[in-house]
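*Asks:* no sequence on this one, just coordinates:
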């Protein structure tokens with residue numbers, strides 16, 4: 001285990017200041033006009049590698065993104081690794097290398113970790129559990145409590161890419177494809193909006209997708225949410241697979257998108273900022289918050305309406 005930690009994890013992660021010999025790592029705790037935020041997450045995606053990412057990079061991006069949409073700048077991560085006996089070292093090295101690259105690109109330091117081994121047949125190759133720390137301005141107030149009727153809803157890009165990319169990588173239902181996951185750090189997207197006074201709330205639509213975020217907004221704000229099917233971006237490949245198999249793209253996981261609620265007067269400015277970024281080129285204003293009863297209505301392309309209810313069953317388990 002010592003050789004595995006020093007010769008593989010420490011080398012592949014190459015995180016500044018990572019000391020594998022200590023029981024507790026020192027981090028600088030911000031004070032004054034900023035506040036410390038913490039998040040924790042677990043990752044069990046199958047397969048372990050897929051077009052556009054792997055469970056290693058996903059563990060970093062998923063943790064970083066939870067901090068980013070809360071308005072924080074991620075700084076430090078910890079990683080717990082659960083290895084299944086029989087996992088090939090070459091596979092583990094590729095996964096951990098991508099984890100290290102993702103951390104470097106996101107500007108975060110992996111400061112501590114732990115490794116456990118489970119018997120063959122008791123795991124899915126490797127699982128990760130992460131904790132992330134970041135800092136945000138103490139004066140920044142983001143949350144569903146700030147959402148009011150008249151606010152606009154934006155999404156930073158096409159929805160459902162991650163869910164369908166992972167499903168195609170599993171070759172379920174005999175389907176194959178080249179669609180890549182949207183997995184990435186959303187920090188550039190979130191940071192670009194923080195100085196907009198009308199920014200109310202941000203969320204990365206992971207498990208449960210866009211529809212679940214919209215339902216959470218409606219329930220928390222006690223308002224209606226109306227989305228426009230014409231406005232919500234969905235790639236043709238995602239739409240085709242969903243049409244064949246009966247999936248709804250609005251409920252599929254994204255791992256590199258942001259849903260934001262913004263005051264109507266600031267929505268166009270926010271959209272322009274996103275569209276100036278590589279990951280926001282396809283951003284859209286997709287709906288609005290209304291004074292109606294708290295439920296989500298999708299205005300369809302043929303002029304009808306349908307309700308988007310809260311998710312009862314995960315359509316694609318082990319997706320993140």
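*Replies:* Noted; the coordinates are in hand. Just so it is clear, the model here is predicted, and its values are computed rather than measured. Numbers count the residues shown, from 1 in each chain.

*Asks:* Pretty sure residue 247 sits in a strand.
*Replies:* No: assessed with DSSP: H, G, I helix; E, B strand; the rest coil, residue 247 is coil; it does not lie in a strand.

*Asks:* So what's the residue count around it?
*Replies:* The number of residues packed near residue 247 is 19, by other CB atoms under 10 Å. Placement of C-beta: from N, CA and C, glycine included.

*Asks:* thought it was touching residue 241?
*Replies:* Yes: using CB atoms under 8 Å, residue 247 is in contact with residue 241, at 6.9 Å.

*Asks:* Below-threshold pLDDT in the stretch 101-250 of the chain: ranges please.
*Replies:* By pLDDT under 70, the weakly predicted segments of the stretch 101-250 of the chain are 173.

*Asks:* now with 90?
*Replies:* The stretch 101-250 of the chain contains residues with pLDDT under 90 at 123, 138, 170-178, 207, 245-246.

*Asks:* any idea of the pLDDT on the residue nearest to the spatial centre of the chain?
*Replies:* Taking CA atoms, centre = their mean, the centroid of the chain lies closest to residue 255, which sits 3.7 Å from it. Predicted confidence (pLDDT) for residue 255: 97.

*Asks:* Ok, the one 5 residues further on next?
*Replies:* The pLDDT attached to residue 260 in the predicted structure is 98.

*Asks:* Name the helix or strand for it, please.
*Replies:* Here residue 260 sits within strand 259-262, counting by DSSP states H and E.

*Asks:* which of the residues in that strand are buried?
*Replies:* Judged by neighbour count using 16 or more other CB atoms under 10 Å, the buried positions of strand 259-262 are 259-262.

*Asks:* in what helix or strand does residue 131 lie?
*Replies:* strand 126-137.

*Asks:* quick one: strands adjacent to the helix or strand following that strand?
*Replies:* Sequence order places strand 152-155 as the next helix or strand after strand 126-137, per DSSP H and E. Sheet pairing for strand 152-155, assigned by DSSP bridges, gives strand 259-262 (antiparallel), strand 284-290 (antiparallel).

*Asks:* in what helix or strand does the closest residue to residue 95 other than its chain neighbours lie?
*Replies:* Leaving aside its chain neighbours, residue 95 sits nearest to residue 56 (3.9 Å; criterion: CB to CB, 6 or more residues apart in numbering). For residue 56, the host element (DSSP H and E) is helix 55-68.

*Asks:* who are the neighbours in contact with the closest residue to residue 159 other than its chain neighbours?
*Replies:* Once flanking residues are discounted, residue 159 sits nearest to residue 210: 5.0 Å by CB to CB, 6+ apart. Each residue near residue 210 by CB atoms under 8 Å, 6 or more residues apart in numbering is listed here: 155, 159, 227, 232, 250-251, 254, 259, 286.

*Asks:* Neighbour-wise, give me the winner out of these.
*Replies:* residue 254 (30 neighbours).

*Asks:* What's the end-to-end length of stretch 45-61?
*Replies:* By CA to CA, to the nearest Å, the extent of stretch 45-61 from end to end equals 13 Å.

*Asks:* residues of that stretch that come out buried?
*Replies:* 45, 48-50, 52-61.

*Asks:* Looking at that stretch now, give me its mean pLDDT.
*Replies:* The pLDDT scores in stretch 45-61 average 96.

*Asks:* strand partners of the helix or strand harbouring residue 39, parallel vs antiparallel please.
*Replies:* Here residue 39, judged by DSSP H and E, is contained in strand 34-43. Its sheet considered, strand 34-43 pairs with strand 126-137 (antiparallel) by DSSP bridges.

*Asks:* Tell me how far the partner strand lies from the chain's centre.
*Replies:* Centroid separation for strand 126-137 versus its chain: 12 Å, with CA atoms, centre = their mean, to the nearest Å.

*Asks:* which other residues reach the strand holding residue 39?
*Replies:* Residues from elsewhere that reach strand 34-43, judged by CB under 8 Å, 6+ apart: 29-30, 55, 58-59, 62-63, 66-67, 70, 72, 127-138, 320.

*Asks:* Quick check: next helix or strand after the helix ranked longest in the chain?
*Replies:* Identified as the longest helix of the chain according to DSSP state H is helix 89-106. Once helix 89-106 ends, the next helix or strand along the chain (criterion: DSSP H and E) is strand 109-118.
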